[in-house]
Every structure is written in structure tokens, then in C-alpha cells.
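> What would the 3D arrangement of this be:
(one chain, ligands or ions: 1)
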Amino acid sequence: MWKNRYWQTELWALLFILFVTGLIGSLFNKAALVVALVLLAYLIWNLVQLSRLFHWLFVSRAMYPPSAPGIWGEIFNQLYTSQRKHRKDLKKLSDIISEFRESTRALKEGAMIISNQGEIRWFNKACERLLGLKASTDIGQRLFNLLRHPDFIEYEAARDYGKPLSLPSPVNSELMLSIGITPYNEEQRLVIVRDVTEKHHLERVRQDFVANVSHELRTPLTVITGYLEMLDPDINPNLETVAKPLSMMRQQALNMGHLVDDLLLLSKLDSRSETGGYKAIDINLLLDTICAEARALSADKKQQILFHSHTNAMLKASEKQLRSAFSNLVFNAVRYTQAGGKIDIYWQQEGDDYVVKVQDNGPGIEPQHIPRLTERFYRVDSGRHRSQGGTGLGLAIVKHVLEYHRASLQIESQVGKGSCFSCIFPQDQVSN
Ligand code: ADP
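Residues are numbered from 1 along each chain as shown. Here you go, the predicted model:
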């Protein structure tokens, strides 16, 4: 509206002046000359205002604009108002930026923005300490050229950022870092680096403790089991009165032996000392052997144990670990399925995945227990199952082993009908 108003006033004023001066000029028969002179004067006046505007904007850069009448005054005013608003916005923005800088500088965690190709765009002070980066030289570099740990390169190549990655710091191997990457738009990713040295140390202490205790228990246990074997009532009739306690002691010593073995295996898996160096494993051969062992274990229960092989695919894996995982599933099926029950073991391709399936028609598991079955020492009915010789660590071992092989465990069960445990291996674990 203002534009119209000022513009109209300006236009009318000019027309009025031209009219009046033209009229006066016509009295002397010089109307055209007078109008031309007035227009020239108007042009000069406008040029003067333009030069004042130019001087104010680009030369003096003074805070306040020059004053002028009419439309030029309004132009100066409007420019001044929008410049003031712009300055205020700029100040607000720079306040926000400096607040952000200050808060990220105070952060103990490293924060970094990288492009989709891995170029570093920005990082905070903590990244300098944790990763040894320097803003002056490293902005614009590819993070994966600066942080060349093989696990990190693999983590980036897999582009599976579900879990953070633990790595030693490149500047101080005593520091243990946890690095998480979160893509937040199509162009950029946020990298968060945490110092988890203390947590890692505590974890190591726990693992070492479990491993040491299990190891230390092994020797006395071997001695006890050895002596118990010698105390056989069949050979020594004097021992007949204590035959039952002796047999129970033998059973408990055996259970304890299994517990020690499982604890040692878990602590090895925890410390990742058994990962890597995988070979092509013939799953058919492995499951055949496990089935034979399961039939021996089943013995008096007379269960029907069948192996159905639908593929010859081999897996890139640790044979020891897979044997442990599959035998845990198969032996569980034997232990928990009633006498005369049926246990089917499958090795087959399902879509892109390869699956080892252990299915039984045993008692089944109530749904509320299923999510917790892979927790260490979790048992559905602790009294009953302990008496069946389980350690409570079997499914925890299965889950761990599968995680190391990029596989997952799926448990389906219906009370009264049976259970089905599936180990699902992605295609890239198959050995070609
Ligand atoms: P455990 O040594 O007690 O067998 P696991 O971790 O192997 O420990 O199994 C955890 C629990 O899951 C078992 O105590 C049992 O209650 C249940 N379970 C495992 N396999 C089966 C199965 N095939 N049928 C029914 N219950 C099962």
C-alpha cells in the first residue's frame, strides 16, 4: 500500500509542477523549454539521491541513512528498517552458532559431521583429543583415510550402523572408543565418539574373572571326578550302602564340568579371541555327527531323530563354535522332548538365507519366556531343568555364536505342540 501512496504522491507532484511550470512557460511561449528544464532538474535531483544512497550503502556504511523528502526518504527508511532487521537476525544467528560451538566444545563426547562420501565437514574439540584430528588440516579429508582401523573400514563398508563399534583410539591405544554413525539426511552423517575405556576395563575384569574362576575349578573337579570313578560299588561291595550318594555326586560333578566348559566357551566368545580365520564348513557332515551323538543321548527315550538335508551349501565359520551352537539346540530338543517324541533337523535355503532348523514335538515354551531364553542362566522351570543336566548357558552360547557369524536365532514355540529353533545365516556367510 505504502508503495502506491508514495509513488502516487511523487507522480502527482511531478505532474503538478510540470503543469504549473508549463503554464507559466506558455505565457512566454517557452512551455517546452521550461518543461524540459524542470525534467532535467528532476533528473539531477534523482541522480543526487542515488549517489547519496550509493555513498551510504557502499562508502560511508553509516548506521543511519541520509534524510530526504518524498519517495527517496521512504526508500532510505525502508532500506534502513530491513538492514536493521537483517543485522538483528544475523546477530541472533551468530549467537546461536557461538552457543552451539561453546556447548559442543564442552561435550566430553566427540561429535563430527561427515558427508555421505566420508568427507569431514566439522568436528568438536573432543574429536581432537579422542581421534587426534586437527581442524586446520583434517577438515575436508575423508575420515576413513585418517582412521584406518580394519574394523572401522569394515563397519563403514557394511553400512549397518545399528550398533556402535568399539575401537582403540588411534592416538592412545589405552583409550577404548565407541563410535556410532547416524545418517540424518541424504547428504550428511553424524559421528559420535565416546570414551568407553572404563566400561571396557570393567568388562575385561569380569571376563577375566569368569575365565580364571572356571579355569581354576577345572583341576579340583578333575581330581574329584577321578576319585569318584574309583569309588565304584560294583567293584567294591563295601560301598553299596553309599551307592546312591556316590552316583549323585558323580552326576553333580559332571554337571559342574559342563558348566565350567560352557563358562569358558562364553568367556572366549566374549573376548572375541575365537573370532576370525573362518574356514568353509560342511554343515551336512557336522549335523550328521551331531545327530548321531543326539541318538546316543536319547538312548532310552527312544525318540525319532531325523536329519533332512536340502542343500550342500558350506558356511564360512568356526567349526568349533558351530558344533557347540547346533549341538546345544539338538541336545536341548532331546532333553526337553518326552520319550518317543520326534526331533527333525533341517539344513535348507529359505529365500536368500540359509537355515539350520531344529524342530521338536516336545512340551513347548510359554510365549512370555521366549524373549528371555538367550539370557545367561535363564530357565523356564529352574528346578526341573537343572535336574535334566542343563547349565542354563546353552542358548546364550547359541546367540553369541550366531552373532559372530552375522546370523540370527529365531524361536517359535507352542505349548503342548513343540518348539522350533532356527539359525538364519545370510547368503554372504555361504562359502563359494
Ligand atoms: P539349559 O541348559 O537349561 O537347557 P538353555 O539356555 O539351553 O539352558 O535353555 C534355556 C531354557 O530354554 C531351558 O531351561 C528350557 O527351559 C528352555 N528350552 C530350551 N530348548 C527347549 C526345547 N527344545 N523345548 C522346550 N524348552 C526348551
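
> list the buried ones in stretch 231-248?
For stretch 231-248, burial by neighbour count (16 or more other Cβ atoms under 10 Å) applies to Leu246. Heads up, the C-betas are built off the backbone N, CA and C, glycines and all.

> now do stretch 253-268
Applying 16+ other Cβ under 10 Å to stretch 253-268 flags 253, 255-257, 259-260, 262-268 as buried.

> out of the residues you listed, which are inside strands?
Judged by DSSP state E, strands contain none of the buried residues of stretch 253-268.

> For whichever helix or strand Ala294 is part of, report the contacting residues that lie outside it.
Per DSSP states H and E: Ala294 is located in helix 283-298. Here helix 283-298 makes contact (Cβ atoms under 8 Å, 6 or more residues apart in numbering) with 305-307, 309, 312-315, 319, 322-323, 326-327, 330-331, 333-335, 343, 345, 347, 356.

> Would you mind marking which of these are also close to the ligand?
When the contacts of helix 283-298 are filtered against the ligand using Cβ under 6 Å from any ligand atom, the residues retained are Ala333.

> For ChimeraX, write a command that selects the buried ones of the contacts of helix 283-298.
Remark: buried members of the contacts of helix 283-298, expressed as a ChimeraX selection using 16+ other Cβ under 10 Å:
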select :305,307,313,314,315,322,323,326,327,330,331,333,334,335,343,345,347,356
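
> low pLDDT regions in the stretch 1-150 of the chain?
Applying pLDDT under 70 to the predicted model, the residue ranges of the stretch 1-150 of the chain that meet it are 1-3.

> Show me what residue of it gets nearest to the ligand.
Closest approach between the stretch 1-150 of the chain and the ligand, counting by Cβ to the nearest ligand atom: Pro150, at 33.0 Å.

> how many neighbours does that residue have?
For Pro150, the tally of surrounding residues (other Cβ atoms under 10 Å) stands at 8.

> any idea how far Glu240 is from it?
Pro150 sits at a distance of 63 Å from Glu240 (criterion: Cβ to Cβ, to the nearest Å).

> Trp72 contacts Gln49, doesn't it?
Yes. Between Trp72 and Gln49 a contact is recorded at 4.3 Å, counting by Cβ atoms under 8 Å.

> which residues touch the residue of the stretch 101-250 of the chain found nearest the ligand?
Of the stretch 101-250 of the chain, the residue with the smallest distance to the ligand, taken as Cβ to the nearest ligand atom, is Ser214 at 15.9 Å. With contacts defined as Cβ under 8 Å, 6+ apart, the neighbours of Ser214 are 260, 263-264, 267.

> Next step: the buried residues of stretch 253-268 restricted to helices.
Applying DSSP state H to those, the entries found in helices are 253, 255-257, 259-260, 262-268.

> need those in CSV with distance to Lys279 and pLDDT, can you?
Listed next are these as CSV, based on distance: Cβ to Cβ, whole Å; pLDDT from 0 to 100:
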residue, distance to Lys279, pLDDT
Ala253, 35, 92
Asn255, 32, 89
Met256, 32, 92
Gly257, 28, 92
Leu259, 29, 92
Val260, 27, 93
Asp262, 24, 92
Leu263, 26, 92
Leu264, 22, 90
Leu265, 19, 90
Leu266, 22, 90
Ser267, 23, 87
Lys268, 18, 86
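
> restrict these to those near the ligand?
Of the residues in those, proximity to the ligand by Cβ under 6 Å from any ligand atom holds for none.

> Not counting its neighbours along the chain, what's nearest Phe152?
If the residues on either side of it in the chain are set aside, Phe152 comes closest to Leu167, at 6.0 Å by Cβ to Cβ, 6 or more residues apart in numbering.

> Could you confirm Arg189 falls within a helix?
No. Using DSSP: H, G, I helix; E, B strand; the rest coil, the assignment for Arg189 is strand, not a helix.

> Which residue, neighbours along the chain excluded, lies closest to it?
What sits nearest to Arg189 in space, not counting adjacent residues and going by Cβ to Cβ, 6+ apart, is Pro183, at 4.6 Å.

> Repeat that for Ser318.
Tyr278 (5.8 Å).

> The one you found: how many residues sit nearby?
Tyr278 is flanked by 17 other residues according to other Cβ under 10 Å.

> Flag every residue of this structure that's near the ligand.
Counting by Cβ under 6 Å from any ligand atom, the residues of the chain lying close to the ligand are 328, 332-333, 336, 360, 362-363, 365, 373, 378-380, 385, 390-396, 419.

> Mind giving me the ChimeraX command for buried ones among those?
The ChimeraX selection below is limited to those of the residues of the chain next to the ligand classed as buried (16+ other Cβ under 10 Å):
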select :328,332,333,336,360,362,363,365,373,379,385,390,391,392,393,394,395,396,419
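
> So which of the residues of the chain next to the ligand sit within strands?
Filtering those for membership in strands, criterion DSSP E, returns 360, 419.

> residues of the helix or strand where Phe19 lies that come out buried?
Remark: Phe19 resides in helix 2-27, with elements defined by DSSP H and E. Neighbour counts over helix 2-27 (16+ other Cβ under 10 Å) mark 6, 18, 21, 25 as buried.

> what's the closest of these to Ser178?
Nearest to Ser178 among those is Tyr6, at 64.0 Å by Cβ to Cβ.

> which ones are touching the closest one?
Applying Cβ under 8 Å, 6+ apart, one finds that Tyr6 lies in contact with 70-71, 74.

> Of those residues, keep whichever come out buried.
Going by neighbour count (16+ other Cβ under 10 Å), the contacts of Tyr6 have 71, 74 buried.

> With secondary structure added, can I get the contacts of Tyr6 in TSV?
Below are these laid out as TSV (three-state DSSP):
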residue	secondary structure
Gly70	helix
Ile71	helix
Glu74	helix
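
> that older thread, run through the residues that contact the residue nearest to Arg189.
For Pro183, the contact set (Cβ under 8 Å, 6+ apart) comprises 116, 161, 189-190.
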